[in-house]
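Trainee: requesting a structural model of the entry that follows:
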Amino acid sequence: MKGCKNKNRWLRFRIILTLTVFAALFVVLLSRAFQLQVFSGRAMKVRAENQYTRKLKVTPTRGVILERGGQELAATIMVDSLYANPTHISDPRIAARRLAPILSLDARQLAAELSRRKSFCWVKRKITPQESEGVKALNIKGVYFVKESKRFYPNRELACHVLGVCGLDSDGLEGLELACNDNLRESGPEILWRRDAKGKALYTEAVEKADSKTRRHSVMLTIDGPMQYIVERQLKEAVERSRSGAGTAIVMDPRTGEILAMANVPSFNCNNFEVYSRQIRKNRAVIDSFEPGSIFKPFIVAAALEEGVVVEGDRFNCENGSYRVGPKTIREALYKKYKELTASEILKHSSNIGSVKVAERLGKEPLHRYLKAFGFGEKTGVGLPGEASGIVSSASDWTSVDFAAISFGQGLSVTPIQLIAAMSAIARDGVLMRPYIVKAVIDSKGKVVEEFGPQVVRKVISPEAARQVRRMLVEVVENGTGKAARLADVLVGGKTGTAQKYDTATGAYSIDRVVASFIGFFPVEDPQMIVLVILDEPQLNRWGGEAAAPAFKDISEQLVRSFADDMPTRRMAGGEGTGGRIVMTSAPDIAEQSSQEREGDQPDFRGMSLRRVLKIARNRGMTVSVNGSGWAVAQKRMNDKDGNPQYHVIFSSGPFMETRWN
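Mentor: Take a look at the predicted model:
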């Protein structure tokens, strides 16, 4: 009886123990399930999604870059990209051999990529239409297409250094594409596909992010497309004519600071930028700094006039061509000899010794202060990446030789954009304007979301001092070293420059390697344009007045002819030279002919508007037939049945590319 009770008690204990264990396990499982479902539910869901879905980020589209007239300089087109699912390809080697010739790929490398046991790999992105058609004709299982956006530059080389380029993933790499990347780029859509337990794709769908259409903006520039085309064409001709290593040209409106054109030679095709070196692709106008040479002298004279240490009638002893400063002897270019020169004559003849004498009257500290006030030694803030600040050392570090050298443009470095901005202060009655190249940011509906305009940096010199320097620079062009820059109908002020390059190997300035330059503005009374031309290491006509000044003239003549209907013009009374008298008139009072449009000359209509071509033709009694609208891009001379010349002119309102006759 007692044994039976003990047995029942033990049985009861085991049952209770078992129930307790199972209850505890149930509580643990319930707690774990609660934790997974409630506390870790979101993380588990993401983990599961990653296991049976795959996302592919597609290259986002970018906003358009427009020139000031509304023409597209950079746009986006949709192209095919090719990817593969290697698990679906039965024989990777055969597939690679068939694909490689069409896509210009290495067959072995492609075969190795297709042999990897993964569900996705790129074959080639952003392929051409011809490549796409060729691959589609092969109909290879496991090879698929997806649409991606690709940056397209309809004008190829036009403004290439300003625009810059984009990478494969639609990120700006250089130029304005980089500087304006946040405005131009948007968040692109994603391609999502589901897969089964074996990794096989089930179906795909496109998922677009909610903010992808709100971030993309277009950018309008201050660049004028037809003007940019003219400047690039003329600069290229100047580089070839002088056999220069490179060239830079900038056109700026001194009244506002707008950059109307910015060109560099050699140029490159933005659509195929990978084949060009970074040296060719860099924007020399803002990145390169150089010793300016004599083109720097107007700023020395301007500072001295403003300080009152020099007046126009003062005469300076130019030491008959040889002036000792410390251990060095300063000489004139080409060993010329001058006895006494006024400040105006110093600029006219580009006297090194005269410039040193002016600087000595001014003094080190005041000169340094004015150089900084003109903007040298600091970035202009033009809005382009990679801008250099140049080098202007502290006045306390200048030796007597340094001080003398700086007065004629050696011993410091400047950038082209600094030079043209500084000259704007002289052209604009002493007020320095900040150069800018982005005019507005526009949303997808065409609404301006941000606008940029003229910005005064500071007042550098008085209006009277600026006018005095402008008059002196007219003499440089009319009767001095800049005669080759003279325009027939518009009064120009400007300065030549020929700067020797410093040779680090010899520790001295090179005789053969120079930078030839010319900067000028017109019309002198109310300057509307400043043009800067720089030629690097010209092999022929090495002087600024021989190489750069003619290029300035070629550019400016076309700009006046094509863009300046209301620009004041002039006639020379009493012949040319010092005895000539300049008579200012308005444009309607004279025949609208440049030096290339006189009787007996073949006119060059390229770059002109349709209205202007017809007006010139009517004034000259010419027969002209036209085709298209917009700007003249090509012309052809023909003779009628009586042998009289007539011209056929092609116009285009689209890309500013030169049309060639068959």
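Trainee: how about the closest residue to residue 128 other than its chain neighbours, what does it touch?
Mentor: Closest residue to residue 128 apart from its sequence neighbours, by C-beta to C-beta, 6 or more residues apart in numbering: residue 79 at 7.7 Å. All C-beta atoms are positioned from the backbone trio N, CA, C, and that covers glycine. Neighbour list for residue 79: 126, 127, 128, 129, 132, 147, 148, 149, 150 [criterion: C-beta atoms under 8 Å, 6 or more residues apart in numbering].
Trainee: again, only using 7 Å
Mentor: Residue 79 is in contact with 126, 127, 148, 150, counting by C-beta atoms under 7 Å, 6 or more residues apart in numbering.
Trainee: how about it, secondary structure?
Mentor: Recorded secondary structure, residue 79: strand (DSSP: H, G, I helix; E, B strand; the rest coil).
Trainee: and what of residue 535?
Mentor: Judged by three-state DSSP, the three-state class of residue 535 is strand.
Trainee: returning to what we had before: what's the lowest-pLDDT member of the contacts of residue 79?
Mentor: Taken together, the contacts of residue 79 show their lowest pLDDT at residue 148, with 82.
Trainee: you'd agree that residue is in a strand?
Mentor: Yes. Counting by three-state DSSP, one finds residue 148 located in a strand.
Trainee: what about it, neighbour count?
Mentor: Using other C-beta atoms under 10 Å, the number of residues around residue 148 comes to 21.
Trainee: state the distance from it to residue 216.
Mentor: With distances taken as C-beta to C-beta, to the nearest Å, residue 148 is found 15 Å from residue 216.
Trainee: try residue 71
Mentor: From residue 71 to residue 216 the distance is 19 Å (C-beta to C-beta).
Trainee: CA atoms only: put the helix or strand harbouring residue 457 into PDB for me.
Mentor: Following DSSP states H and E, one finds residue 457 within strand 456-459. Output of strand 456-459 as PDB, limited to C-alpha atoms (Å, rounded to 0.1, in the frame of the first residue of the first chain):
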ATOM      1  CA  VAL A 456      30.500  94.800 -57.400                       C
ATOM      2  CA  VAL A 457      33.600  93.700 -55.600                       C
ATOM      3  CA  ARG A 458      35.100  97.000 -54.700                       C
ATOM      4  CA  LYS A 459      36.000 100.400 -56.100                       C
END
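Trainee: pairing partners for that strand, with directions?
Mentor: Each strand that pairs with strand 456-459, with its direction, by DSSP bridges: strand 431-433 (antiparallel).
Trainee: and the helix or strand just after the partner strand, which strands flank it?
Mentor: Beyond strand 431-433 on the C-terminal side, the first helix or strand identified by DSSP H and E is strand 438-442. Next to strand 438-442 in the sheet, as set by DSSP bridges, lie strand 218-221 (antiparallel), strand 448-451 (antiparallel).
Trainee: what's the average pLDDT for stretch 452-467?
Mentor: Averaging pLDDT along stretch 452-467 gives 96.
Trainee: in it, what counts as buried?
Mentor: For stretch 452-467, a neighbour-count test (16 or more other C-beta atoms under 10 Å) marks 452, 457, 460, 461, 465, 466 as buried.
Trainee: low-confidence ranges in the protein?
Mentor: The model of the chain has pLDDT under 70 over residues 1-7, 41, 48-59, 187-215, 564-602, 607, 629-631, 651-662.
Trainee: just want the most central residue of it.
Mentor: What sits nearest the mean C-alpha location of the chain, by C-alpha atoms, centre = their mean, is residue 162, with 1.5 Å.
Trainee: got a list of what that one touches?
Mentor: When contacts are counted by C-beta under 7 Å, 6+ apart, residue 162 touches 175, 176, 223, 262, 283, 437.
Trainee: closest one of the residues you listed to residue 34?
Mentor: Closest to residue 34 out of the contacts of residue 162 is residue 176 (56.3 Å), distances taken as C-beta to C-beta.
Trainee: the closest one belongs to a helix?
Mentor: Yes. Applying three-state DSSP, one finds residue 176 inside a helix.
Trainee: who are the contact partners of it?
Mentor: By C-beta under 7 Å, 6+ apart, the contact list for residue 176 reads 65, 162, 163, 164, 219, 384.
Trainee: same thing with residue 103?
Mentor: By C-beta under 7 Å, 6+ apart, the contact list for residue 103 reads 124, 127, 131.
Trainee: give me the buried entries from the contacts of residue 176.
Mentor: Buried residues within those, defined by neighbour count using 16+ other C-beta under 10 Å: 65, 162, 163, 164, 219, 384.
Trainee: so the fifth one makes contact with residue 183?
Mentor: Think residue 219. Yes. Contact criterion C-beta atoms under 7 Å: residue 219 and residue 183 qualify, at 6.1 Å.
Trainee: any shared contact partners between these two?
Mentor: Common neighbours of residue 219 and residue 183 (criterion: C-beta under 7 Å, 6+ apart): 63, 441.
Trainee: tell me which stretches of the stretch 51-200 of the chain form helices.
Mentor: Using DSSP state H, counting those that start in this stretch, the helices of the stretch 51-200 of the chain run over 92-103, 107-114, 129-138, 160-163, 175-179, 181-184.
Trainee: buried set for the fifth one?
Mentor: Think helix 175-179. For helix 175-179, a neighbour-count test (16+ other C-beta under 10 Å) marks 175, 176, 177, 178, 179 as buried.
Trainee: dump the residues you listed to CSV, plus distance to residue 36.
Mentor: Output for these, formatted as CSV (distance: C-beta to C-beta, whole Å):
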residue, distance to residue 36
175, 52
176, 52
177, 48
178, 47
179, 49
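Trainee: ok, residue 26 to residue 33 distance?
Mentor: 10 Å.
Trainee: longest single helix anywhere in this structure?
Mentor: The longest helix of the chain (DSSP state H) is helix 2-34.
Trainee: any buried residues in that helix, and which?
Mentor: When burial is assessed from 16+ other C-beta under 10 Å, helix 2-34 yields no buried residues.
Trainee: can you report how many residues lie near residue 482?
Mentor: 30.
Trainee: do the one 10 residues further on as well
Mentor: Using other C-beta under 10 Å, the number of residues around residue 492 comes to 26.
Trainee: am I right that residue 381 sits in a helix?
Mentor: No. Under three-state DSSP, residue 381 sits outside any helix and is assigned coil.
Trainee: ok, back up a step: now the two most distant members of the buried residues of stretch 452-467.
Mentor: Using C-beta to C-beta, the pair of the buried residues of stretch 452-467 lying farthest apart is 452 and 465, separated by 29.4 Å.
Trainee: secondary structure element holding residue 44?
Mentor: Per DSSP H and E: residue 44 is located in helix 41-52.
Trainee: picking up where we left off before, looking at the helices of the stretch 51-200 of the chain, spot the one closest to residue 252.
Mentor: Using C-beta to C-beta as the measure, helix 160-163 is the one of these that comes nearest residue 252, at 13.2 Å.
Trainee: mind naming the longest strand for the protein?
Mentor: Under DSSP state E, the strand in the chain containing the largest number of residues is strand 508-522.
Trainee: just the strands in the stretch 451-600 of the chain please.
Mentor: Secondary structure of the stretch 451-600 of the chain, counting by DSSP state E, counting those that start in this stretch: strands at 456-459, 493-503, 508-522, 529-536, 569-573, 581-585.
Trainee: thanks a lot, catch you later.
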